[in-house]
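> Quick one: sequence plus predicted model below, questions after.
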Amino acid sequence: MATRFGDIGRLRPAFGVAAAVGAGFASGRGWWIPALLATAAAAGLFWRAIRRERRRARRESRPATGAASLRPAPGRDPAEAFAAATRLFDEAPRAMLLVDSEGGVAYANLAARTLLERDPAGRPLTASLRDPALHEALAAAFPRAEIDIARHGPAARLIQAWVRPVPVGAASPPPPAPRLKALVVMEDVTAARREAEIRTEFVANVSHELKTPLAAIQGLAETLQGSAREDPEAQARFLRLIAAQTGRMTRLVEDLLSLRRIETDEHVPPRGVEDLGAILDEALSVVRPLAEERGIRIEADDFSGFPPIYGDRDQLAQLFVNLLDNAVKYGGKPGGPPVRLKALGLREGTPRLVGAAIQDRGPGFEDHERARLTERFYRVSAASSKAKGGTGLGLAIVKHIVNRHRGALEIDGAPGKGARFAVWLPMAPAGAAGAAGAALGAEARSGA
Ligand code: ADP
């Protein structure tokens, strides 16, 4: 007979022992003494057995925790138990799917629903993920595989999937649903793979950039030791070439270090309050002599009375030197139209921005080239850039400096029409520095 404390039959030995002891003694004289003792012993044993049964019953009625919760408690509705067990996986950061023996999705956790942009549960897996390798893996008796799944379309993604068999005895939806077959864990690795590719590409690019001048220096040094040993004129020429190649490597290393420094600081916007006019004067003083040497004029707006900006003075000077130098190098013609440095009026928003634009009337670029100009080592013409001493990193540096300043960079240009690079920087409250004037100058208001 089943009781709240379990089968009462388990208590029978206690009665048995007590009754046997009692009966043995009762057959002799003074029967009531052993009978009393036997009854007391029987009562004691009976009470201990009851307490043991009560403890067991309490243990069983306590809610299970941890892995044990995945097993439905006896008598619990299996569908409800399966839902409760899988609900836990909505908290998991990785996307998870449970696939049944007929290729249907029995369950998808929250991360999977987000990754696939829909709830695939209740439908065949092929409706959400069409990858032959994945379906082949799932068709195996014990599915076990690691697969890269490429999802095509406007937002192309690369998903890494781990497939494992569902262990026997794991929670499963109740019949008539097919039994569970595989667990698929997925991760969107698009960004991580892209970053790894960029890193590999970057190392290859740097090695390539260094290889050319190093090979040139080696060749020149060998010539100096050999055929040019007795030729002072050739020696002077070769030494100049060595100096030029060394200069090229130095510029490359300086640009690389500079890029790394800016990237390291990129999450900390500069809090210094600066006078943009003074920074532009500094940049002009570096570029003007080189431009004049080549017969190229630079016409600059008057930035006095321009509002102060938040910025890093050295980085902004570097940014404007790079842009002015490019305009002179690529967009300037001796005696041709001047390179212009224009003041940009206030642009409302959060933060409020002011800026400067550098404009030339050079060859410009195609739209698809414009989109890539700020990539490291991207050049419209590698030969032209190298002949002009370029490292291919100038505009990447410009972009990162602007990002650090929480500003904006606009690039416009068309073949044969020239180029325009506009840099917008956050305005500091008037009088914050006491440096620049509070109001925008008339020229600044006029925009580019
Ligand atoms: P580089 O060291 O080659 O000048 P940058 O990153 O500064 O590297 O510029 C990348 C490329 O963008 C240049 O090689 C050049 O092809 C193109 N470019 C930059 N500025 C201009 C410009 N003002 N007019 C036309 N092309 C430009």
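Done, it's in.
> Next up, the contacts around residue 232.
With CB atoms under 8 Å, 6 or more residues apart in numbering as the criterion, no residue contacts residue 232. The C-beta positions use only the backbone N, C-alpha and C, and glycine is treated the same way.
> pLDDT wise, what is residue 438 at?
The model reports residue 438 with a pLDDT of 38.
> Residue 115 is in contact with residue 95, isn't it?
Yes - at 4.5 Å, residue 115 counts as touching residue 95 under the criterion of CB atoms under 8 Å.
> Which neighbours do these two have in common?
Common neighbours of residue 115 and residue 95 (CB under 8 Å, 6+ apart) are 186, 188.
> Distance-wise, check the closest residue to the ligand within the stretch 51-200 of the chain relative to residue 315.
The stretch 51-200 of the chain approaches the ligand most closely through residue 198 (16.1 Å), counting by CB to the nearest ligand atom. Between residue 198 and residue 315 the distance is 23 Å, computed by CB to CB, to the nearest Å.
> For the two, indicate the residue with more neighbours.
Each of residue 198 and residue 315 has its neighbours counted (other CB atoms under 10 Å); residue 315 has more, 21 against 12.
> wait, what's in contact with the residue nearest to the more buried one when sequence neighbours are not counted?
Spatial nearest neighbour of residue 315, excluding adjacent residues (CB to CB, 6 or more residues apart in numbering): residue 401 at 4.8 Å. Counting by CB under 8 Å, 6+ apart, residue 401 makes contact with 262, 312, 315-316, 318-319.
> one more time with 7 Å
262, 315-316, 318-319 (CB atoms under 7 Å, 6 or more residues apart in numbering).
> In these, find the pair that's most separated.
Greatest spatial distance among those (CB to CB): 262 and 316, at 11.5 Å.
> Give me the more crowded residue out of these two.
Set residue 262 next to residue 316 and count neighbours by other CB under 10 Å: residue 316 wins out with 26 against 21.
> Figure out how far the helix ranked longest in the chain is from the centre of its chain.
If you go by DSSP state H, the chain has its longest helix at helix 190-225. Relative to its parent chain, helix 190-225 has a centroid offset of 26 Å by CA atoms, centre = their mean, to the nearest Å.
> Nearest spatial neighbour of residue 234, chain-adjacent residues omitted?
Counting by CB to CB, 6+ apart, the residue nearest residue 234 is residue 228, at 4.1 Å.
> do the same with residue 321
residue 283 (4.7 Å).
> check contacts around that neighbour.
Contacts of residue 283 (CB under 7 Å, 6+ apart): 317, 320-321, 324.
> and which of these is nearest the ligand?
residue 324 (9.6 Å).
> Give me the number of neighbouring residues for the closest one.
Residue 324 has 26 neighbouring residues, counting by other CB under 10 Å.
> any idea how far residue 281 is from it?
12 Å.
> Residue 344 touches residue 354, doesn't it?
Yes - shown here, residue 344 and residue 354 form a contact pair, counting by CB atoms under 7 Å, at 6.3 Å.
> The ligand contacts on this protein?
Proximity of the chain to the ligand, by CB under 6 Å from any ligand atom, involves residues 322, 326-327, 330-331, 360, 362-365, 373, 378-381, 385, 390-396, 419.
> Buried subset of these, written for ChimeraX?
Applying 16 or more other CB atoms under 10 Å to the residues of the chain next to the ligand, the buried members can be selected in ChimeraX as follows:
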select :322,326,327,330,331,360,362,363,364,365,373,378,379,385,390,391,392,393,394,395,396,419
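> Sort out for me which of the residues of the chain next to the ligand are in strands.
Per DSSP state E, strands hold the following members of the residues of the chain next to the ligand: 360, 419.
> low pLDDT regions in the chain?
Along the chain, the model assigns pLDDT under 70 to residues 1-46, 49-50, 53-75, 431-448.
> Can you tell me the centre-most residue of it?
Centroid-nearest residue in the chain: residue 191, 5.8 Å away (criterion: CA atoms, centre = their mean).
> returning to that earlier point: would you list the phi and psi of the residue nearest to residue 315?
phi -70, psi -40 (degrees, to the nearest 10).
> can you pull out the helices in this protein?
Under DSSP H, the chain gives helices at 12-26, 32-61, 78-87, 110-116, 132-139, 190-225, 232-265, 276-293, 313-331, 367-370, 382-387, 394-404, 442-446.
> Name the residues of the longest one that are buried.
In this case it means helix 190-225. Residues 190, 206, 209, 213, 216-217, 220, 223-224 are the ones in helix 190-225 that count as buried (16+ other CB under 10 Å).
> Between its first and last residues, what's the separation in stretch 293-305?
One end of stretch 293-305 sits 31 Å from the other (CA to CA, to the nearest Å).
> for stretch 158-178, that is, sorry about that
End-to-end span of stretch 158-178 (CA to CA): 30 Å.
> for stretch 94-109, same thing?
Stretch 94-109 has an end-to-end distance of 9 Å (CA to CA).
> Give the buried residues for it.
Buried residues in stretch 94-109 (16+ other CB under 10 Å): 95-100, 103-109.
> Then stretch 300-320?
By neighbour count with 16+ other CB under 10 Å, stretch 300-320 contains the buried residues 300-301, 303, 305-312, 315-320.
> Return the distance of stretch 130-145 from the chain's centre.
The chain centroid and the centroid of stretch 130-145 are separated by 29 Å, computed with CA atoms, centre = their mean.
> For residue 408, give me its contacts.
353, 402, 424.
> Over to residue 335?
residue 295.
> Which phi and psi values does it adopt?
Torsion angles, degrees, to the nearest 10, at residue 335: phi 70, psi 0.
> Residue 295 versus that one, what's the distance?
Separation of residue 335 from residue 295 (CB to CB): 6 Å.
> and if you look at residue 311?
Per CB to CB, residue 311 is found 32 Å from residue 295.
> Over to residue 424?
From residue 424 across to residue 295, the span is 31 Å (CB to CB).
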